[in-house]
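Student: Fold the following and give me the result.
(chains A and B)
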Amino acid sequence: MATLEQPKVRRAGRWFDVRHRKIGMWAYALNRITGIGLVVYLYLHLVVLSTLSRGPGSWDAFISLARQPYFLILDVILLAGILIHGLNGIRIALTSFDVGVKRQKALFSGLMLVALVALSAAALKIFGG
Amino acid sequence: MENRLTNEMMENPFAQEPKASSSWYWQIFTGIALIFLLGLHFIANHFIAQGGIRDYADVVSYLRNPIILVWEVLFLIVVATHAMLGIRAIVMDFGISAQAEKRLSQALTVVGVLTVAYGLWLTWAIIH
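Tutor: I've put the predicted structure just below:
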């Protein structure tokens, strides 16, 4: 575990190392990893959308890129991040208002199962057309 | 209250003192709002739209719908707020000084406002 004797940066970075940790720590780390990923995506998304200001030509060029199979894999990764972060966020919101605190491990597992099912369904739709 | 503080400590094992901050509640509030704001944004633009993405003319007519416009602008503001609060929480874990915290908040406010301003400009440019 992180102790106060360790340097600040190493101590603060310890959340990332989930080996030998309990499920709560996994939930915490997952939420942060997906959160950081989604912030990076948000800015990528805003930059990509700027092609819309340059008219139909550049946007349609992006659309044909976005429909390539390898690009669709990125969509599935994005959806995984959104589902994990959003559904885990529901658990955090509930427990912040003292709802389901004692059952949050089961809640987390259940929500992640929902994420898995939703992701599978979305992946089938994305690749199935 | 005691329960909530214990819970916050469980969520964040590096929290130095158990206090329920207003930014934590804003993070929760914007998070709940995002379930709906992002949900509709995603379904409308990537599931209902033909081929998972709108072509140029379709984007323009979509954003010219006033209800959609309000919804998307609200989404922009709320997602930028949620993102800035999230970055703040991660940096705060490094145990920064009160002065650094103040500067961090100011810097993130500027970044957030610039992000929203860029999004508004882009929306305006697309509609016109």
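
Student: which stretches of chain B have low pLDDT?
Tutor: B:1-20 (pLDDT under 70).

Student: Show me the longest helix that occurs in it.
Tutor: The single longest helix within chain B, with elements called by DSSP state H, is helix B:98-127.

Student: does any part of that helix sit near chain A?
Tutor: Yes: on the criterion Cβ under 8 Å from any Cβ of the partner chain, helix B:98-127 is in touch with chain A at B:115, B:118-119, B:122, B:125-126. All C-beta atoms are positioned from the backbone trio N, CA, C, and that covers glycine.

Student: Check those residues for burial and list the buried ones.
Tutor: B:115, B:118-119, B:122, B:126 (16 or more other Cβ atoms under 10 Å in any protein chain shown).

Student: give the contact list for residue 27.
Tutor: Went with chain A since none was named. Contact analysis of A:Ala27 by Cβ atoms under 8 Å, 6 or more residues apart in numbering or on different chains lists A:88, A:91, A:108.

Student: try again with chain B
Tutor: B:82, B:85-86, B:89.

Student: Which secondary structure element is home to it?
Tutor: helix B:22-42 (DSSP states H and E).

Student: Tabulate the CA atom coordinates of that helix in PDB.
Tutor: The C-alpha trace of helix B:22-42 is given here as PDB (Å, rounded to 0.1, in the frame of the first residue of the first chain):
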ATOM      1  CA  SER B  22     -18.700  20.800  -3.500                       C
ATOM      2  CA  SER B  23     -16.600  19.800  -6.600                       C
ATOM      3  CA  TRP B  24     -17.400  16.100  -5.700                       C
ATOM      4  CA  TYR B  25     -21.100  16.800  -5.800                       C
ATOM      5  CA  TRP B  26     -20.700  18.700  -9.100                       C
ATOM      6  CA  GLN B  27     -18.900  15.700 -10.500                       C
ATOM      7  CA  ILE B  28     -21.800  13.400  -9.500                       C
ATOM      8  CA  PHE B  29     -24.400  15.900 -10.700                       C
ATOM      9  CA  THR B  30     -22.800  16.400 -14.100                       C
ATOM     10  CA  GLY B  31     -22.100  12.700 -14.400                       C
ATOM     11  CA  ILE B  32     -25.800  11.900 -13.900                       C
ATOM     12  CA  ALA B  33     -26.700  14.600 -16.500                       C
ATOM     13  CA  LEU B  34     -24.200  13.100 -18.900                       C
ATOM     14  CA  ILE B  35     -26.000   9.700 -18.900                       C
ATOM     15  CA  PHE B  36     -28.900  11.500 -20.600                       C
ATOM     16  CA  LEU B  37     -27.000  14.100 -22.600                       C
ATOM     17  CA  LEU B  38     -24.400  11.700 -24.000                       C
ATOM     18  CA  GLY B  39     -27.000   9.000 -24.300                       C
ATOM     19  CA  LEU B  40     -29.100  10.900 -26.800                       C
ATOM     20  CA  HIS B  41     -26.100  12.500 -28.500                       C
ATOM     21  CA  PHE B  42     -24.600   9.000 -29.100                       C
END
